[in-house]
Structure formats: structure tokens, C-alpha cells
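Enquirer: quick one: sequence and predicted model below, then my questions.
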Amino acid sequence: MTGAALGEGRLAGRLVGLGVTGSIAAYKAVELLRLLRAEGADVAVMLTPSATRFVGPLTFAALSRHPVETDLMELLPDGRIGHIVVADGADAIVVAPATAHWLGSMANGLAGDVVTATILASSAPVVVAPAMDGDMWTHPATRANVERLRDGFGYTVVPPASGPLASGQSGVGRLAELPAIVDAVVDAVGDAPVRAPDPARRPPTTSPVRDADLTGRHVVVSAGGTREPIDPVRFIGNRSTGRMGVAIAAAALDRGARVTLVAANLEVPAPDGAVVVEVGSTAELRTALHRLTHAEGGGPGFDVLVMAAAVADFRPNATAESKLERGAGLTLELEPTPDVLAQIARIVHGTDRTGEVTYAPLLPRPVLVGFAAETGSLDRAADKLRRKGVDLLVANDVAEAGSGFGTDTNRVSILDADGGRDDLPLLAKREVADRLLDRVGRLLDARDAVTQTGPQQPTHAEPA
């Protein structure tokens, strides 16, 4: 469940769909969202086209932590149909404010907007809170539509209140008091079981607004996949597109970091603002990272290294200088490529291949993050973290649907050097990036909080 759904309250664990239509009272829906969340609800918002002219989707997205549905044809990042996900998972749907136009559309089943379409596709109880001018509310057409929704469809209608209206007049038509609407949602849900307790069946969460907590930090991110040449036109490579690494670079930039992106054959554009170092093979990646490891004067050249690139494990032990001719077959002799991240970790820690400290470590010590793409099981991830000498290891099963190369989503486990493991649900890669950088930021803060007894001057000797 999301953080909102874990709280206590009368709607704890519930998914509530909040439909907003084009009334001047649409601004009150923002506060209604807050009240529903305060009751423990997970809230997904749908806006009609006219509602977006009163309150923008960004406001609701920032508060709900879910994509806001505004377009019937729009898909979620994981490819699902957004309003159908809400329709299938919501424990209740509340429409507040509901205009006279929307009441007429709903009463006649006209699915011309995402709010009406969601309700038509759902079996969840519906609460409707109208808001309009007084004469519109008392018009026979509106009264007939309300009666049909209440008596024919079984919807709960929270009648409007009396008071000053947007027209300047005074009368019945103001949106009901928000606590009364929340009470109606609670009553509509009752003691029915939660329809979609599994977060994977709900709309995906979006990244919260985060502070610029990496301001002044230098973050190096490797992304993409290395290619090991067989001849001038052929190579051994992998399926990495660089999406995960680029998402991390973009997230770090948004948090104020200075970012260097070591790009190995990206299939997606690099984020604006990053310094891009293009590489092709593992040897070129190794050279680029070694050059970045030390700053002038011998200190660390970066605060964080995130090794998201998929590095080829093997390369031909000889590369043909001209294109090989097609024949009956081709036999390649392969040799392992160097473990670039493990080499960088030894430089950072000041150790040799045996783990013995042989020269001064880099201070302040950079935070090192590795990635492990596995298939079928993550059992080897903890050993990889230890062998590579990193602070965090992000492991995923690339054979799992939605979690492999080239997707916009990922399901990862983040392991730390203390033996902890955080298994994340299927998330957009940008959300994975921010969750990872949350951890990185805490490690940097802890590093900086440690009282230094005195700077050590690192030597320039490096392990091979």
C-alpha cells in the first residue's frame, strides 16, 4: 500500500476515486482530497476537461501521489488504461463538485469524460455532491437527473447548501460542507472488504516533490550498455537502453546535483544539464570513470557514483581489423572484461585485490551504487554487493514483465552494506531513481556528520 493507505482513519486501506467537474467550486476539491487522505484513503483523481480550467492536474498529482486522469485515451506509464484501473480498484467514487451538465451526462450514460467513463465501468458505490447556481439546481431537468441518479442508480447525493453563489446571488447551490461529503463516502463504503489491497492493482505512485538535497554534490552516473567489437561492424552487446541510468541522472539534476553522465550507447536522450561523456566499450567506460575518480589535488572527483550501465561480461580476445567474411560458422574466443565498479571501489577504499589496505582511501569517501540484472532469482545479489565493495546494490529480475530492459517501469530490491534489503513494488523508473537517491542522500548526510580526525592525502597508485 501507499503511505496514505497505511495511515489510521475511517478509510484506512481504501482507494477512493475523486471526480472533479468544471465548477467554480473545483478549488474545494483540493481540500476534500486532503480530508480523504487524513482519513487514511489512497486517492486517485479524475478531472473533466472543464475542471482543468479551474484547478490544474499538477496540484492534484502532487497531493495524491498518483497520475491524474484527464484523457480517456491516455495510458499509465505501465501501459494500463488509467480510468479502468480506478474503476476496478476503487472502494468508492465521489464526484465533487458535480455540475448540472455532468449530472445530465451521468444520468443518461454519456461517457464523454473520464469521470463519467470511470463510474460507468465501476461497481463501486458512488457519492455525488452537486454545485451550481440556484436556478439551475431547482430546474426540473436537474431535479429529474438527480432523482434518476439517486433512486434509479442508487448513488448517494449530498445536496448543496445555501449561501452566496458565484453569480452574486444567494440561494441553494453551494457545494456541501466537505466533512459531510467525507462522512457520505465513509457511509457508502461501510464494512465492505477492500477491493484492491494489492498496490500493483492500483494506479502507480508518482514522485513526490523533493528538496534540492544534492545541491553542491557531484553525481556520476553510468548508463546504457557497453559493446565489445568483433570486427569494425559487429559487436557483442546487451539489451540495455539506458532508461534507468538516464532517469537517475535526471532525478539527481532536479535535486540540485552537478551530474556527469557516462553514456554507453544510449537509446534515449540524455537529460539537459548533464555533462555527457560518451563511451562505447568496457575499456572506454573504465578509462572515463578512472579519469573522473580523482579531482585535481588527489581528492575524490565525485560524491556519488551510480553504476547503472550494463557492462558486457565478456569480449573477444582479439578484434579483427576488417570485416569478417560470412562463412559456414564463426568461433569466437572470449575473455572476461574487467570489473570496473570493483576497481573503482578498491581505489575509493584504498585496498588491493586481497582486501588489504595498501594506500590512503579517498576522503570524504564517495558513495558507491551498483546494479545487478538477474534472471529468475536475486539470490546472488548480496554476494555481488560484498564482492564489489559498494554501499548499495540495486537488483532486479530482467525476465519479469515490466522490469526488464527497455521498459518505463522497474521492480527492484535495494540492498545495503549492513545487510538490509528494501523490496520495492513495480514503479516508474523515475520513482525508482528518487527512492534510490533518497537512500544516497541519507548516506551522504551520515558521512558528512562523522567527525574527521584529519584529512588523509591519497596516493596516486591505483590497482590494475
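Expert: Alright, I've got the coordinates. Note that the structure is a prediction, hence the values are computed from the model and not measured.

Enquirer: state the distance from Thr358 to Asp391.
Expert: Distance check for Thr358 against Asp391: by CB to CB, to the nearest Å, it reads 21 Å. Placement of C-beta: from N, CA and C, glycine included.

Enquirer: now do the strand or helix carrying Gln343, average pLDDT.
Expert: Secondary-structure assignment from DSSP states H and E places Gln343 in helix 340-349. Confidence over helix 340-349 (mean pLDDT, whole number) is 95.

Enquirer: show residues contacting that helix.
Expert: 282, 285-286, 289-290, 293, 300, 305, 307, 311, 352-353, 357, 361-362, 365-366, 368, 370, 387-390, 462-464 (CB atoms under 8 Å, 6 or more residues apart in numbering).

Enquirer: returning to that earlier point: what about Thr358 and Asp391, which has more around it?
Expert: Asp391 (23 against 14; other CB atoms under 10 Å).

Enquirer: hang on, that one packs against Leu368?
Expert: Yes - taking CB atoms under 8 Å as the contact criterion, Asp391 and Leu368 are neighbours in contact, 5.3 Å apart.

Enquirer: who's in contact with Gly296?
Expert: In this structure residue 296 is Glu, not Gly. With contacts defined as CB under 8 Å, 6+ apart, Glu296 has no neighbours.

Enquirer: partner residues bridging Ala373?
Expert: Ala373 forms beta bridges with Asn396, as assigned by DSSP bridges.

Enquirer: again with Val276
Expert: Residues in a beta bridge with Val276, per DSSP bridges, are Leu261.

Enquirer: just checking, it touches Ala263?
Expert: Yes - here Val276 lies in contact with Ala263, judged by CB under 8 Å, at a distance of 5.4 Å.

Enquirer: quick check: neighbours shared by these two?
Expert: Both Val276 and Ala263 are in contact with Ala270, where contact means CB under 8 Å, 6+ apart.

Enquirer: of the two, who's got more company?
Expert: Remark: of Val276 and Ala263, Ala263 carries more neighbours, 25 against 15, as counted by other CB under 10 Å.

Enquirer: list only those of the contacts of helix 340-349 flagged as buried.
Expert: Buried members of the contacts of helix 340-349, scored by 16 or more other CB atoms under 10 Å, are 282, 285-286, 289, 293, 300, 305, 307, 311, 361-362, 365-366, 368, 370, 388-390.

Enquirer: which of those residues fall in strands?
Expert: The subset of the buried ones among the contacts of helix 340-349 located in strands under the criterion DSSP state E comprises Leu305, Met307, Leu368, Gly370.

Enquirer: return the member of the residues you listed nearest to Asp211.
Expert: Of all these, Leu305 has the smallest distance to Asp211: 22.2 Å, by CB to CB.

Enquirer: my guess is that closest one meets Leu368, correct?
Expert: Yes - Leu305 is within contact range of Leu368, at 5.3 Å (criterion: CB under 8 Å).

Enquirer: name whatever forms a beta bridge with Leu392.
Expert: Applying DSSP bridges to Leu392, the residues it is bridged with are Val369, Asp416.

Enquirer: how near is it to Pro232?
Expert: When distance is defined by CB to CB, Leu392 is 38 Å away from Pro232.

Enquirer: equivalent analysis for Asp198, please.
Expert: Distance, Asp198 to Pro232, using CB to CB: 51 Å.

Enquirer: report the secondary structure state of the residue nearest to Ala41 when sequence neighbours are not counted.
Expert: Counting by CB to CB, 6 or more residues apart in numbering, the nearest residue to Ala41 once its immediate chain neighbours are dropped is Leu11, at 3.8 Å. Using DSSP: H, G, I helix; E, B strand; the rest coil, the structure places Leu11 in coil.

Enquirer: just checking, Leu11 touches Glu39?
Expert: Yes - with contact defined as CB under 8 Å, Leu11 and Glu39 form a contacting pair (4.2 Å).

Enquirer: neighbour count: these two, which is higher?
Expert: The residue with more neighbours, out of Leu11 and Glu39, is Leu11; 25 against 20, by other CB under 10 Å.

Enquirer: give me the pLDDT for the more buried one.
Expert: Note on Leu11: pLDDT of 95.

Enquirer: ok, Trp137 next?
Expert: With respect to pLDDT, Trp137 has a value of 94.

Enquirer: please enumerate the strands of the stretch 201-350 of the chain.
Expert: When secondary structure is read from DSSP state E, counting those that start in this stretch, the stretch 201-350 of the chain shows strands at 218-224, 228-229, 235-236, 258-264, 275-279, 304-307, 314-316, 334-336.

Enquirer: hmm, who's touching the fourth one?
Expert: With contacts defined as CB under 8 Å, 6+ apart, strand 258-264 is touched by 217-227, 240, 242, 245-246, 249, 252-253, 270-271, 273-280, 284-285, 288-289, 292, 302, 309.

Enquirer: which SS class is Asp78?
Expert: Assignment for Asp78 (three-state DSSP): coil.

Enquirer: quick check on it: phi, psi?
Expert: Comment: the main-chain dihedrals of Asp78 come out as phi -90, psi 10, following degrees, to the nearest 10.

Enquirer: just how off-centre is the helix or strand bottoming out on mean pLDDT in the chain within its chain?
Expert: Scoring the helices and strands of the chain by mean pLDDT, DSSP states H and E places strand 170-174 at the bottom, with a mean of 82. Relative to its parent chain, strand 170-174 has a centroid offset of 42 Å by CA atoms, centre = their mean, to the nearest Å.
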